[in-house]
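>>> Sharing a sequence plus its predicted fold:
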Amino acid sequence: MGKGKRMPESSIKKTAIGWLKLFIGVLVILMFMFVIGPWIEKMEFYRPVVTGIERFGINANAYYYTEVDQCSEAGHYIRAALDYPTTGKGHGK
Amino acid sequence: MPDLKQSRWTELWRKEDYWAIWLGFILIAAALYLFMPKTSDEMMSKIAASNEILKVESEKAPFKTIAYRKAVAAKEKFKASDSDIGKTIAKFTKKPQGWSTNPLESFFLSKEAAEAKSEAAKPKYEAAKAAEEEALAKALAAEEAAQTAGFKDAALNDAAREAGRTWAKLHKEASAAKKKTELKPFNLLPNLLALMVFLGLFFGIGIPFMKETKWSTFLIGFIPVFVIATISFMIANQATMKHYGIDYAAWAIIIGMLISNTVGTPKFILAAAKTEYFIKTGLVLLGTAILFGKVLAIGTAGIFVAWVVTPIVLIGTYWFGQNILKIESKTLNITISSDMSVCGVSAAIATAAACRAKKEELTLAVGISLVFTAIMMVAMPIFIKAVGMPEVLGGAWMGGTIDSTGAVAAAGAFLGEKALYVAATVKMIQNVLIGVIAFFVAVYWTTRVEAREGEKVSPMEIWYRFPKFVIGFIAASILFSTIIAYLGNDLGYTLIENGAMKGFTSHFQGWFFCLAFTSIGLSTNFRELKEYLKGGKPLILYVCGQSFNLALTLLMAWIMFYKVFPEITASI
């Protein structure tokens, strides 16, 4: 804005509406994070999933296997199961 | 339609596709230089000792003994990322940490707060530890009883098997609880500042050569882009958001769009919102995680579930979208089809970049996937448990159908150890498929979709049109897969998978994708996005495709794990 020039009223109104919309948007996100989200996850059907995530420390919002520790564990477990299947053939030896 | 001007040598330093390759490979070279020599005779002898235990124990009993399980866990502990250099890189690239009610704890934790939190977590850990010790004693007693009977008593063997499984589960719970008692104070702000400067300068290298933006303008605009990306990581790491499986990509888009559609994105920020540049460099790094050795992670059965069903579903859904739903945009159709049939966000990013989809199309695909991932993560394990489906079958079904890997692990954990491991492994195999899919989508688009009707495309024209970053993506994949094949599984896991890849390239790749999604959000208009939702076709496409995916994956998993390869199921 140049010196002495005033912002037109419609532009001020538009900017104010923009900031108001941003404020409302942030409020909606906060509502979801701290009110609605926690309320839903306490429901009977959701609780077991939350318990599992917390109990095993699962990074449930990771999208790729490199970010999920359990994939690494699984890889080891399955590879060992396939490479060294528990046959019990040599027992007693 | 891409510009069909003849390729010139100048493209090597003028096009972002090539810059993505150069920058990506600078980081890959650094990763290999830092992590490849991190091996020792002690590590090698410990791996060999664990393998010997596995051999002896597998022949000793017809079930996984405690010693067997401990040997598997011991092998997993050898990681090059735990070396000093690994810890330094992890510290430098650290994302905002987990928190529940106070967002500042994502960036800063005082000594007093860390001690208080650790202290508060101790009773839970002690209870978990006591339960684990009790389970271990029971498992060892059950094992001894089975051994006394010469492992010939089926009931005693079953009891020992079950007791071992219970101990393994409680051991994991105790380990997770222990981590919460060992919290250390941290202050991420200096590191984040250093990372911001580094990434700004790193991406700034290519800016003067590409001649689209002034170097100084880019650097100034990069600051708010990085800040928004950091906030996205912070929100994604909030406890409740984790429980819903809402990842940073979604938050980066949401926050970016919220700004651009309310107060508007300032021009100087838009100048630094280089979506393609960030995404393609991130994809070259993602190539290091496309390890072809993973394909056989669960034997032939896994190949059928993840590598046969997935392309059938992908092609079937794309055909359905073109011929039945008549979706106008082919790029939107293939991005949603790939996102749904392969592995959600990562597949959507790779496919969208390979076929040059619009940013609104990628946004839509990610959004739809997010909603359905949250629903399926809860609904599928409940259904599987309700109908009494076996764990291996349920795990394979979820691994092949739920989009994101974290959600697959969460759903698997709900059912049990076997389900978790099978689900995570099937998903991992499917993750690898995105390299192949991206390559074929790029080839199909350059030779068929972008060619004029009746036009015969010459090999040189295919080369001009081909998205060059895909070459870097595939080259990174081949390079890392070859090194692992050369080193062998154990050393490859220690040095490459848990060194150069998870300890280096993956850290940077996560940041690059977050910067890309922030850029998408900052330059996306709600109105433009609404156009793509007309008639609800993208949603119908996803629902129909996913229904087909659910049916076919279940059928294939049942045939493979219970009819053709029952020995694999038995050994798991």
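Good, I have the coordinates. The structure presented is a predicted model; accordingly, all values stated were derived computationally and were not measured.

>>> could you point out where chain A is predicted with low confidence?
A:1-7, A:89-93 (pLDDT under 70).

>>> just the helices in it please.
Ranges of helices in chain A, per DSSP state H, are A:9-31, A:37-41, A:47-56, A:69-83.

>>> now swap in the stretch 101-250 of chain B and tell me
For the stretch 101-250 of chain B, the helices defined by DSSP state H, counting those that start in this stretch occupy B:111-148, B:154-179, B:189-204, B:207-210, B:215-236, B:239-243, B:248-260.

>>> As JSON lines, these with mean neighbour count would be great.
To be clear about C-beta, it is placed using only N, CA and C from the backbone, and glycine gets the same treatment. Below are the helices of the stretch 101-250 of chain B laid out as JSON lines (neighbours: other CB atoms under 10 Å in any protein chain shown):
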{"stretch": "helix B:111-148", "mean neighbour count": "16"}
{"stretch": "helix B:154-179", "mean neighbour count": "19"}
{"stretch": "helix B:189-204", "mean neighbour count": "15"}
{"stretch": "helix B:207-210", "mean neighbour count": "17"}
{"stretch": "helix B:215-236", "mean neighbour count": "20"}
{"stretch": "helix B:239-243", "mean neighbour count": "22"}
{"stretch": "helix B:248-260", "mean neighbour count": "25"}
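
>>> Can you pull up the most central residue in chain A?
residue A:61 (3.8 Å; CA atoms, centre = their mean).

>>> Could you tell me which residues make contact with that one?
Residue A:61 sits next to B:236, B:241-242, B:244-248, B:404, B:406-407 when contact means CB atoms under 8 Å, 6 or more residues apart in numbering or on different chains.

>>> out of those residues, what pair is the most spread apart?
Using CB to CB, the contacts of residue A:61 span at most 14.3 Å, a distance reached by B:248 and B:407.

>>> still on that earlier bit, so for residue A:70, which of the helices of the stretch 101-250 of chain B sits nearest?
Closest to residue A:70 of the helices of the stretch 101-250 of chain B is helix B:154-179 (CB to CB; 9.1 Å).

>>> Which elements pack onto the closest one?
helix A:47-56, helix B:66-76, helix B:111-148, helix B:417-444 (3 or more CB pairs under 8 Å, 6 or more residues apart in numbering or on different chains; DSSP states H and E).

>>> so which of those gets nearest residue B:278?
helix B:417-444 (16.7 Å).

>>> Name the nearest residue to residue B:240, ignoring sequence neighbours.
In space, residue B:240 comes closest to residue A:37 once its chain neighbours are excluded; the distance is 4.1 Å by CB to CB, 6 or more residues apart in numbering or on different chains.

>>> Please report the distance of that neighbour from residue B:510.
In this view, residue A:37 and residue B:510 are 23 Å apart by CB to CB, to the nearest Å.

>>> do the same with residue B:285
Distance from residue B:285 to residue B:510, counting by CB to CB: 9 Å.

>>> Counting neighbours, go ahead and name the busier of those two.
Taking neighbours as other CB atoms under 10 Å in any protein chain shown, residue B:285 and residue B:510 compare with residue B:285 leading, 29 against 24.

>>> Report pLDDT for the more buried one.
On pLDDT, residue B:285 comes in at 95.

>>> need the helices of the stretch 101-250 of chain B in CSV with mean pLDDT and distance to residue B:432, can you?
Below are those laid out as CSV (pLDDT from 0 to 100; distance: least, CB to CB, whole Å):
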stretch, mean pLDDT, distance to residue B:432
helix B:111-148, 94, 34
helix B:154-179, 92, 25
helix B:189-204, 97, 27
helix B:207-210, 92, 32
helix B:215-236, 96, 24
helix B:239-243, 92, 25
helix B:248-260, 95, 20
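
>>> now for those helices, which one comes closest to residue B:555?
Of all the helices of the stretch 101-250 of chain B, helix B:154-179 comes closest under CB to CB, at 28.0 Å.

>>> Show the contacting residues for residue 47.
Using chain A. Applying CB under 8 Å, 6+ apart, the residues near residue A:47 are residue A:41.

>>> actually chain B
B:75, B:78, B:490-491, B:494.

>>> In helices, which of those appear?
By the criterion of DSSP H, membership of these in helices covers B:75, B:490-491.

>>> Tell me the residues of the stretch 301-450 of chain B that contact chain A?
Proximity of the stretch 301-450 of chain B to chain A is confined to B:343-346, B:377-378, B:381-382, B:403-407, B:409-414, B:420-425, B:427-428, B:431 under the rule CB under 8 Å from any CB of the partner chain.

>>> Repeat the analysis, applying 7 Å as the threshold.
With the criterion set to CB under 7 Å from any CB of the partner chain, the stretch 301-450 of chain B comes near chain A through B:344-346, B:377-378, B:382, B:404-407, B:409-410, B:413-414, B:420-421, B:424-425, B:427-428, B:431.

>>> Narrow those residues to those that are buried.
B:344-346, B:377-378, B:382, B:404-407, B:409-410, B:413-414, B:420-421, B:424-425, B:427-428, B:431 (16 or more other CB atoms under 10 Å in any protein chain shown).

>>> shouldn't residue B:111 be in contact with residue B:183?
No: with contact defined as CB atoms under 7 Å, residue B:111 does not count as touching residue B:183 (10.1 Å).

>>> most neighbours per residue, which of the helices of chain A?
Highest mean neighbour count among the helices of chain A (mean count of other CB atoms under 10 Å in any protein chain shown): helix A:69-83, with a mean of 22.

>>> Check what contacts it and list those residues.
Contacts of helix A:69-83 with the rest of the structure, by CB atoms under 7 Å, 6 or more residues apart in numbering or on different chains, involve A:56, A:58, A:65, B:54, B:72, B:75-76, B:297-299, B:405, B:409, B:420-421, B:424-425, B:428, B:489, B:571-572.

>>> what about the helices of chain A, which gets the closest to residue B:63?
Among these, the nearest to residue B:63 by CB to CB is helix A:69-83 (11.3 Å).

>>> got the angle between that closest one and helix A:47-56?
Put simply, helix A:69-83 runs at 80 degrees to helix A:47-56, going by axes from the mean of the first three to the mean of the last three CA atoms, to 10 degrees.

>>> Skipping its backbone neighbours, what lies nearest residue B:514 in space?
Closest residue to residue B:514 apart from its sequence neighbours, by CB to CB, 6+ apart: residue B:229 at 4.3 Å.

>>> wait, what's in contact with the one you found?
By CB under 7 Å, 6+ apart, the contact set of residue B:229 is B:252, B:514-515, B:518.

>>> what's the closest of those residues to residue B:165?
residue B:514 (38.0 Å).

>>> ok, residue B:393 touching residue B:557?
Yes: counting by CB under 7 Å, residue B:393 touches residue B:557, with 5.6 Å between them.

>>> the more surrounded of these two?
When residue B:393 and residue B:557 are compared for neighbours, residue B:557 comes out ahead with 29 against 19, by other CB under 10 Å.

>>> Could you double-check that the more buried one lies in contact with residue B:398?
No: assessed by CB under 7 Å, residue B:557 is found out of contact with residue B:398, at 9.6 Å.

>>> related to what we said a few turns ago, and of the helices and strands packed on helix B:154-179, who's closest to residue B:498?
helix B:66-76 (8.8 Å).

>>> Share the number of residues neighbouring residue 57, please.
Let's take chain A. 17.

>>> meant chain B actually
When neighbours are defined as other CB under 10 Å, residue B:57 has 24 of them.

>>> Residue ranges in the stretch 351-500 of chain B under the pLDDT threshold?
Residue ranges of the stretch 351-500 of chain B with pLDDT under 70: B:454.

>>> the helices in it, which residues?
Using DSSP H, counting those that start in this stretch, helices in the stretch 351-500 of chain B cover B:359-387, B:391-401, B:405-415, B:417-444, B:459-465, B:469-487, B:489-491.

>>> Distance from the chain centre to the last one, please.
From the chain centre to the centre of helix B:489-491 is a distance of 21 Å (CA atoms, centre = their mean, to the nearest Å).

>>> likewise the third one?
Here helix B:405-415 shows a centroid-to-chain-centroid distance of 13 Å under the convention CA atoms, centre = their mean.

>>> what does the longest one give?
Using CA atoms, centre = their mean, we find the averaged C-alpha position of helix B:359-387 to lie 16 Å away from the chain's own average C-alpha position.
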